[in-house]
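> Below are the sequence and a predicted model for it; my questions follow.
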Amino acid sequence: MSDDFNDSGTNDFGSSEPNPFSESGQVPPPSPYQAPPPGMAPQPTNGMGVAGFIISLCGLACAIGFPIGLILSLIGLRREPKGFAIAGTIIGAIGTAGLLIVALIYGAMLGGCALCAGVGAAIQIPIDNTHSTIMDAKQAIDEFQTLNGRLPTEEEAEELIGDMTDGWDNKLRYEIDGEEYDIRSAGPNGLFDDFDDIDIDEATPFEMSIDDFPGPDTDMPMEEVDPSELPGADSGSYEGGTAEEEAPKFE
């Protein structure tokens, strides 16, 4: 048997036909189906880890990328290689932590604003109710004065406004001083004659009429002006005749 065949009766190509390259001295091309040499095996890829790393980096532009990249990177840690997965986990964790801190700060600010608004409303509502009650009491006292020509006594005022209470469920106090009177609330602390009392002057809404604005005094006499002193007027132009007669005519 020729040298081109091995002991099994086949050539190097696995065929019983003679090797055409043996006689010509040419080297046969390598077969595309040959196994890769040892140590050249394809490296495994970790697509989940790479995706988590890239999305974590995108979180620098859009913060929502941090938690998404963190989740993908954590999943990628279960596969090899773990380099991109570890990097994505670190970036995503730091970004997510910062995002949570910012969210907590804004949440605390909004909560504080809502709390302040609620406290302010809780303080202002009884004050407004007290102002309204004092004005109702004042109207009752004024009606009594109009009908009777005098102010009511304290006993009579008790019958008129005795059932009226302020915003803190405290009774009002009627005070008379000659021809004037006052209606007073003890305020939030329930004690009269201290800093937080509310009286008629404070409860009366501010009103301004046109008479409060300064204007010209209509009673002031007008200063007489000599027509001859007017600019452009001669001494005889205003004696006799009417304005139509003195006015120049154009044809």
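Looks like it arrived, so ask away.
> Please count neighbours and contacts with C-alpha atoms only from this point.
OK.
> Verify the contact between residue 165 and residue 172 for me.
Yes. Counting by CA atoms under 8 Å, residue 172 is a contact partner of residue 165 at 6.0 Å.
> More neighbours: the two, which one.
Per other CA atoms under 10 Å, whichever of residue 165 and residue 172 has more neighbours is residue 172, with 25 against 18.
> Not counting residues beside it along the chain, what's closest to the more buried one?
residue 185 (5.1 Å; CA to CA, 6 or more residues apart in numbering).
> And the one you found, how close does it get to residue 194?
As judged by CA to CA, to the nearest Å, residue 185 and residue 194 stand 11 Å apart.
> Those two - which one has more neighbours?
Set residue 185 next to residue 194 and count neighbours by other CA under 10 Å: residue 185 wins out with 29 against 11.
> Show me the helices in the protein, by range?
20-24, 47-58, 65-76, 83-148, 154-161, 200-203, 243-246 (DSSP state H).
> Least confident of these, on average?
Out of the helices of the chain, helix 243-246 stands lowest, with a mean of 50 (criterion: mean pLDDT).
> Now for the residue nearest to residue 172: which residues touch it?
For residue 185, the contact set (CA atoms under 8 Å, 6 or more residues apart in numbering) comprises 130, 134, 166, 170, 171, 172, 173, 192, 197, 198, 199.
> what does residue 85 give?
48, 49, 50, 52, 53, 73, 74, 76, 77.
> which non-adjacent residue is nearest it?
Distance criterion CA to CA, 6+ apart; nearest residue to residue 85, sequence neighbours excluded, is residue 49 at 4.0 Å.
> how near is that neighbour to residue 198?
Separation of residue 49 from residue 198 (CA to CA) stands at 70 Å.
> Ok, residue 80 next?
Distance from residue 80 to residue 198, by CA to CA: 78 Å.
> between these two, who's got more neighbours?
Between residue 80 and residue 198, residue 198 has the larger neighbour count (other CA under 10 Å), namely 23 against 15.
> Next one: the residue nearest to residue 85 relative to residue 68, how far apart?
Relative to residue 68, and taking CA to CA, residue 49 is found at 12 Å.
> Who has more neighbours out of these two?
More crowded of residue 49 and residue 68, by other CA under 10 Å: residue 49, with 30 against 17.
> The more buried one reaches residue 69, doesn't it?
No. Here residue 49 does not reach residue 69: they are 9.0 Å apart, not a contact under CA under 8 Å.
> tell me, what's touching those two both at once?
Shared contacts of residue 49 and residue 69, counting by CA under 8 Å, 6+ apart, come down to residue 88.
> Would you agree residue 166 is in contact with residue 172?
Yes. Residue 166 lies in contact with residue 172 (CA under 8 Å); the separation is 6.8 Å.
> So for the two, which residues contact both of them?
Residues within reach of residue 166 and of residue 172 at once, by CA under 8 Å, 6+ apart, are 134, 185.
> Tell me how many other residues crowd the closest residue to residue 47 other than its chain neighbours.
Among residues not flanking residue 47 along the chain, residue 76 sits closest, at 7.6 Å (CA to CA, 6+ apart). By the measure other CA under 10 Å, the count of residues near residue 76 is 26.
> Understood, closing this out.
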